Each structure stands twice: as C-alpha cells, then as structure tokens.
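*Asks:* coords please:
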Amino acid sequence: VAGESLRPGHLEGFDNIISEIALWRAARKSGVASIFQSARKKFKKMLVILEQLDPPSARRVRQNYGWIFRNLVTSQALGESFRALLADWQPSCVISTSDYWPFEFQLFRQAQRVGIPNAMIQHGELNDVISWPTYAETFLVWGAIFQEKLLKLGAPAERLRICGMPSADALF
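*Replies:* Just a heads-up that it's a prediction; the model follows:
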C-alpha cells in the first residue's frame, strides 16, 4: 500500500501495489455523502466531549475545522477501502512507519478489527508529543535506548520490540 506521494516511476519491480488514490476511488463507490455525514457526526461528537473536558481545546478545534474535518473524511473513506483490501489480500501482518495520520491509522485499525498482527517501526528520532501512545499493537524500535524512552512515556514493555534500524544496520 503506497501513500499519496508515490509516483508511477517508483513502482518498477514491485507487484501488487495499490495507491492511496486507488483506495479513495474505491471509497467513492460506497457513497461520498455517507462518508461526509459520518465525519460530520464524529466532529460534532468530538466537540461535545472537548467542551466538557477542555473548552480552550474545543475552541482550537473549531478554529481548525477545515483541516480536522478533511482528516476525518479521509479516515472515514479509507476505513471502508482498507476493510475491503485486507479482506481481499489477507496479509499475515501489517507494518508501517506511522499510525498518526488517517491513511496509516485506518490501515492499522482495520487490520486489528480482523485480527491481523500489526506493528509500527520507528521512523526518525522519538519525541514526547507523538511517540506514545500508538494505535499499532507493537512498536518496533531501533534499540534499547529508544525502548527505555517509550517505557518512561508509559508504553507497556510487551508492546515494544527492538528491531534495529533496517535502513542503516548494514552500515554498522
């Protein structure tokens, strides 16, 4: 599965690639209106909860309505597409470098719904804002120092595995 930045020339030598654009096309078949309605309901529900818990955050969400709503629509649309794709492909596992954005989040969410093991592999230096929690079942980290950092952020040890740094391991 390839994100929106994939260019046709990058596909040479790879079989069975599906792009985010193709997933969007598949989602449109299930009805754009229902996708927008569902995203709007989720946005309203989120605002109600935030108003009760943290009114200043609710205000910021309202101020960023366009960006947040766009991400909700993307998530809703890709959820349907990933559900169908995973049922068709039946992979033995799902691995990605992120689960923070709608595209990757829905890949992990739909994999979990049908019992497909999944893991997020560390991609870059960890920071306290987006390192933990993750939606992926397992976080594959580059080394013990990163494992310790995530443990300090509250990650359960059973959800962390050390895998090395695949892109650079051969250099060392």
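*Asks:* same for the lowest-mean-pLDDT helix or strand in the chain, what does it pack against?
*Replies:* Lowest by mean pLDDT, DSSP states H and E among the helices and strands of the chain is helix 20-29, with a mean of 73. Counting contacts by 3 or more C-beta pairs under 8 Å, 6 or more residues apart in numbering; DSSP states H and E, helix 20-29 is packed against helix 65-89. The way it works is simple: take the backbone N, C-alpha and C, and place the C-beta from them, glycine included.
*Asks:* what comes up buried for the helix it packs on?
*Replies:* 68-69, 71-83, 85-86 (16 or more other C-beta atoms under 10 Å).
*Asks:* the host helix or strand of residue 44 - contacts with which helices or strands?
*Replies:* Element membership for residue 44 (DSSP states H and E) is helix 32-53. If contacts are counted by 3+ C-beta pairs under 8 Å, 6+ apart, helix 32-53 sits against helix 55-63, helix 65-89.
*Asks:* need those helices in a markdown table (columns: mean pLDDT and distance to residue 143).
*Replies:* Conversion of the helices and strands packed on helix 32-53 to a markdown table gives the following (pLDDT from 0 to 100; distance: least, C-beta to C-beta, whole Å):
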| stretch | mean pLDDT | distance to residue 143 |
| --- | --- | --- |
| helix 55-63 | 94 | 35 |
| helix 65-89 | 89 | 31 |
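*Asks:* hmm, residue 134 and residue 150 touching each other?
*Replies:* No. Applying C-beta atoms under 8 Å as the test, residue 150 and residue 134 come out as separate, 9.0 Å apart.
*Asks:* tell me where the model's unsure across this protein.
*Replies:* Low-confidence segments of the chain (pLDDT under 70): 3-16, 30, 128-130, 169-172.
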